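**Q** Model the following, please.
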Amino acid sequence: MSSSLPADRSYARECDTADPLSRFRDRFAPADPSLIYLDGNSLGMLPLATADRIADVVRREWGTGPAGRPL
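**A** Now for the predicted structure:
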């Protein structure tokens, strides 16, 4: 099976530029640019809003005593 798509970096950059989802990139934790992410069974990159929400749950909801005071 042969591919008819160019295999060079300029084509990949052109595709990235035209990607309508690229505007959401800054909503996720920064990735190591030297890594190639191919894990199809993963939840994907960490959304920053999720990290903030989990931190809030730990501090404010889980981290309080029975009377709502910090432990």
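**Q** where does the residue lying closest to Tyr37 once chain neighbours are set aside land on pLDDT?
**A** With C-beta to C-beta, 6 or more residues apart in numbering as the criterion, Tyr37 has its nearest non-adjacent residue at 6.8 Å, and that residue is Ala31. Where you see a C-beta, it was placed from the backbone N, CA and C, and this is true even at glycine. Model confidence at Ala31, given as pLDDT, is 80.
**Q** go on, Leu38?
**A** 76.
**Q** do the same with Trp62
**A** pLDDT, Trp62: 77.
**Q** And it, how close does it get to Ile54?
**A** 10 Å (C-beta to C-beta, to the nearest Å).
**Q** Then Arg13?
**A** 34 Å.
**Q** can you tell me the average pLDDT over stretch 9-26?
**A** Mean predicted lDDT for stretch 9-26 stands at 90.
**Q** Would you mark the buried spots in that stretch?
**A** Judged by neighbour count (16 or more other C-beta atoms under 10 Å), stretch 9-26 contains no buried residues.
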